[in-house]
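# What follows is a protein structure lacking sequence information:
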């Protein structure tokens with residue numbers, strides 16, 4: 001029991017310190033000794049004395065042991081604290097080492113990525129780099145330093161590039177002293193920008209341009225430019241003619257460094273004869289990548305001079321053969337066939353393009369489906385693609401003509417006169433683009449006709465007809481002159497309407513409008529022949545069926561009208577006009593629910609058409 005008692009008293013407890021246990025042990029030992037001594041003293045004093053002495057010594061011994069226990073416990077606590085601190089230090093050191101290693105790894109990763117990006121930029125770099133020109137001190141004193149001259153050339157190159165409307169890839173333009181990154185490599189003074197230039201010089205495909213400006217004995221200025229693969233050429237002018245010199249030099253550089261872009265620039269500037277000569281002369285020596293673009297511009301320029309013909313069509317097809325994914329050439333083949341009166345053939349090429357592109361959306365830019373969309377009256381996608389093209393090109397678009405007026409044309413077809421007029425008013429003007437003024441007259445004539453103002457419609461469309469005689473306009477808007485005929489008929493000029501239809505060409509619109517005019521004149525059999533001819537001319541296009549169906553409805557043949565409008569809808573499923581006409585027939589037959597469904601479907605494709613909204617409201621009132 002004693003051993004158990006002492007053992008339990010001497011055992012460390014997590015909740016009480018060891019010093020308390022030692023003190024309790026001493027107290028118990030003294031009490032126990034006193035009790036024993038008292039018990040023995042009643043029997044034998046000597047024994048009691050000896051026993052008491054013995055017990056005193058044991059008590060002293062216990063006190064010493066208890067003190068040792070207290071001291072030992074303190075040492076144990078100190079040791080444990082030291083171990084804890086040591087372990088904490090080890091953990092802190094380990095965390096620091098891990099953090100430092102992570103930092104080193106991240107730094108190395110960032111540096112590696114930076115080097116990889118710089119190397120990638122160098123390998124893929126294809127820029128025109130204009131370096132500082134040389135100029136004598138006498139000219140530098142007049143402010144004509146080499147940097148000033150080079151900056152002037154660069155400014156002109158930027159202007160030329162900005163004025164070039166094309167989907168062809170153009171080089172970036174830069175100067176040797178621009179875009180400097182002011183981060184230097186330690187102890188070398190070499191900047192990141194300089195390292196980048198070294199990598200580009202070693203691995204890139206940049207074209208470096210430099211030159212010199214001198215003053216001749218006669219006082220004239222002579223500007224010489226040269227570059228990688230560009231033969232030196234000197235341009236001379238008066239002492240105050242530096243501006244013209246830099247323009248001439250920039251054009252020379254642009255033509256040699258970007259032959260395809262330069263060809264497009266000539267086309268956009270209506271310098272068509274120059275464009276044809278340039279494309280013909282440079283084709284054999286041009287890079288294979290540039291050749292399809294040269295052929296395309298060559299054909300565009302021919303069309304702008306003489307209209308769509310077989311020669312331009314052959315050039316477009318040759319360009320497409322060299323570059324099977326040349327979506328611009330697909331679109332231009334369509335335009336050329338359309339201009340030659342083969343709208344069905346143009347539609348088939350559009351379907352081929354759609355198949356080659358793997359559908360929409362796809363690798364072919366949406367704007368290059370504009371001809372297919374126009375032929376099938378797929379107006380909303382056409383509008384969206386044109387808007388995106390205008391937004392991406394400072395309001396001009398990347399087509400041969402301005403796309404701002406195309407927006408107005410589409411909005412007019414969508415029966416949204418307010419949006420159409422706004423597009424006309426906000427079109428970026430270009431004095432070198434004859435299509436802007438021409439199509440402005442066309443759209444305003446169409447809007448006037450829809451509003452019932454026959455006199456204004458005829459006046460505007462007659463002005464369009466005058467502008468349309470320019471092949472640069474006619475080739476861009478094939479068949480648009482057909483719309484002049486119904487305006488003249490409505491204005492009381494039947495002879496003018498007949499003259500237009502005789503010379504306008506073989507277009508679906510001309511044939512169907514002939515049907516409408518004959519019907520208005522009371523020649524219903526002749527009208528039906530004209531509608532049938534329109535359908536036969538392009539059986540996969542919707543417009544002929546639509547006009548025929550509307551005419552049948554006017555004559556009370558509602559079943560025949562519905563059949564033709566159904567045909568039109570199948571070929572132009574996103575065109576609102578056949579759907580509205582179909583809804584009108586259903587409403588006349590008392591089928592209010594079915595009529596509302598057609599009107600609702602049509603509103604998806606012409607949401608701002610006032611007459612359509614009115615018809616929908618009227619149908620909603622029917623039981």
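Thanks, I have it. Values in this document were obtained by computation on a predicted structure and should not be read as measured data.
# for the helix or strand hosting residue 586, which positions count as buried?
Assigned by DSSP states H and E, residue 586 falls within helix 576-588. Applying a neighbour-count criterion of 16 or more other Cβ atoms under 10 Å, one finds 576, 577, 578, 579, 580, 581, 582, 583, 584, 585, 586, 587 buried in helix 576-588. Bear in mind the C-beta positions are built from the backbone N, C-alpha and C, glycine included.
# And for stretch 218-226?
Buried, per 16+ other Cβ under 10 Å, within stretch 218-226: 221, 223, 224, 225, 226.
# and the next helix or strand after the helix holding residue 586, how far out from the chain's middle?
Following helix 576-588 in sequence order, the next helix or strand is helix 592-603 (DSSP H and E). Computed by Cα atoms, centre = their mean, to the nearest Å, the chain-centroid distance of helix 592-603 equals 36 Å.
# Just list what the helix or strand just after helix 592-603 packs against, helices and strands only.
Counting by DSSP H and E, the next helix or strand C-terminal to helix 592-603 is helix 610-620. The contact analysis (3 or more Cβ pairs under 8 Å, 6 or more residues apart in numbering; DSSP states H and E) places helix 610-620 against helix 576-588, helix 592-603.
# Buried residues in the last one, which are they?
It stands for helix 592-603. For helix 592-603, by 16+ other Cβ under 10 Å, it's 592, 594, 595, 596, 597, 598, 599, 601, 602, 603.
# returning to what we had before: now, among the buried residues of helix 576-588, which is nearest to residue 551?
Checking the buried residues of helix 576-588 against residue 551 by Cβ to Cβ gives residue 581 as the nearest, at 10.4 Å.
# and the gap between that closest one and residue 483?
Counting by Cβ to Cβ, to the nearest Å, the separation of residue 581 from residue 483 is 19 Å.
# and if you look at residue 264?
In terms of Cβ to Cβ, residue 264 sits 30 Å off from residue 483.
# same question, residue 369
23 Å.
# Compare those two (neighbour count), which wins?
The residue with more neighbours, out of residue 369 and residue 483, is residue 369; 26 against 21, by other Cβ atoms under 10 Å.
# I'd assumed residue 278 was in contact with residue 266.
Yes: shown here, residue 266 and residue 278 form a contact pair, counting by Cβ atoms under 8 Å, at 6.4 Å.
# Report the rounded mean pLDDT for stretch 212-221.
The predicted model gives stretch 212-221 an average pLDDT of 84.
# and the helix holding residue 586, what other elements does it pack with?
In terms of contacts (3+ Cβ pairs under 8 Å, 6+ apart), helix 576-588 is packed against helix 543-554, helix 558-571, helix 592-603, helix 610-620.
# Now do that helix against helix 592-603, angle only.
On the basis of axes from the mean of the first three to the mean of the last three Cα atoms, to 10 degrees, helix 576-588 is oriented at 170 degrees to helix 592-603.
# and the angle for helix 576-588 with helix 610-620?
Using the same axes, to 10 degrees, helix 576-588 lies at 30 degrees relative to helix 610-620.
# Does the nearest residue to residue 216 once chain neighbours are set aside belong to a helix, a strand or coil?
Leaving aside its sequence neighbours, residue 216 sits nearest to residue 222 (Cβ to Cβ, 6 or more residues apart in numbering; 5.6 Å). Secondary structure, DSSP: H, G, I helix; E, B strand; the rest coil: residue 222 is strand.
# Kindly present the helices and strands packed on helix 576-588 as CSV, with separate columns for distance to residue 260 and mean pLDDT.
Output for the helices and strands packed on helix 576-588, formatted as CSV (distance: least, Cβ to Cβ, whole Å; pLDDT from 0 to 100):
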stretch, distance to residue 260, mean pLDDT
helix 543-554, 36, 98
helix 558-571, 37, 98
helix 592-603, 43, 97
helix 610-620, 45, 95
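# which non-adjacent residue is nearest residue 583?
Using Cβ to Cβ, 6+ apart, the closest residue to residue 583 is residue 598 (3.4 Å).
# Surely the one you found is in contact with residue 579?
Yes: contact status for residue 598 versus residue 579: in contact at 5.1 Å, counting by Cβ under 8 Å.
# what about residue 291, distance to residue 255?
The value you get for residue 291 to residue 255, if Cβ to Cβ is used, is 16 Å.
# Spatially central residue for the chain, please.
residue 392 (7.7 Å; Cα atoms, centre = their mean).
# before we move on, the earlier item: please produce JSON lines containing the buried residues of helix 592-603, extended by distance to residue 133.
Output for these, formatted as JSON lines (distance: Cβ to Cβ, whole Å):
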{"residue": "592", "distance to residue 133": "79"}
{"residue": "594", "distance to residue 133": "76"}
{"residue": "595", "distance to residue 133": "74"}
{"residue": "596", "distance to residue 133": "73"}
{"residue": "597", "distance to residue 133": "71"}
{"residue": "598", "distance to residue 133": "69"}
{"residue": "599", "distance to residue 133": "68"}
{"residue": "601", "distance to residue 133": "65"}
{"residue": "602", "distance to residue 133": "64"}
{"residue": "603", "distance to residue 133": "63"}
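# Of these, just say which sits nearest to residue 106.
residue 603 (56.8 Å).
# Give me the distance between that closest one and residue 415.
11 Å.
# got any residues that touch both of those two?
Common neighbours of residue 603 and residue 415, counting by Cβ atoms under 8 Å, 6 or more residues apart in numbering, are 576, 609, 612.
# What ranges does this protein have for its strands?
127-130, 172-175, 207-215, 221-227, 230-237 (DSSP state E).
# Mind putting the ones you listed into TSV with distance to residue 446?
Shown next, in TSV, are the strands of the chain (distance: least, Cβ to Cβ, whole Å):
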stretch	distance to residue 446
strand 127-130	45
strand 172-175	42
strand 207-215	48
strand 221-227	50
strand 230-237	49
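# now for those strands, which one comes closest to residue 572?
Of all these, strand 172-175 sits nearest to residue 572, with 42.5 Å by Cβ to Cβ.
# Quick check: mean pLDDT of that closest one?
62.
# Next: stretch 435-449.
97.
# who touches it?
401-402, 404-406, 408-409, 412, 417, 420-421, 424, 427, 429-430, 454, 456-461, 463-464, 467-468, 470, 472-473, 476-477, 480, 483-484, 486-487, 490.
# for stretch 231-249, same thing?
144, 149, 152-153, 155-156, 211, 213, 215-216, 219-226, 252, 256.
# and if you look at stretch 255-266?
By Cβ under 8 Å, 6+ apart, stretch 255-266 touches 128, 160-161, 163-166, 168, 170-171, 207, 209, 227, 229-231, 251, 254, 272, 274-275, 278-279, 282, 286, 290, 293-294, 297-298, 301.
# go with 6 Å
Residues outside stretch 255-266 that contact it (Cβ atoms under 6 Å, 6 or more residues apart in numbering) are 128, 160, 164, 166, 168, 170-171, 207, 230, 254, 274-275, 278-279, 282, 286, 290, 293-294, 297.
# Give me the buried entries from those residues.
The buried subset of the contacts of stretch 255-266 (16+ other Cβ under 10 Å) comprises 128, 160, 164, 166, 168, 170-171, 207, 230, 254, 274-275, 278-279, 282, 286, 290, 293-294, 297.
# Show the pLDDT at residue 207.
Taking residue 207 on its own, its pLDDT is 73.
# Leaving out the residues flanking it, which one is nearest to residue 515?
residue 530 (3.5 Å).
# Residue 512 is in contact with the one you found, correct?
No: using Cβ atoms under 6 Å as the test, residue 530 is too far from residue 512 to be in contact (7.1 Å).
# distance of the nearest residue to residue 602 once chain neighbours are set aside from residue 596?
In space, and not counting its chain neighbours, residue 602 is closest to residue 579: 3.7 Å by Cβ to Cβ, 6+ apart. Applying Cβ to Cβ, the value for residue 579 to residue 596 is 12 Å.
# For residue 607, grab phi and psi.
phi -70, psi -20 (degrees, to the nearest 10).
# domain parsing for this structure?
If you go by automatic domain parsing, the domain ranges for the chain are 2-102, 127-257.
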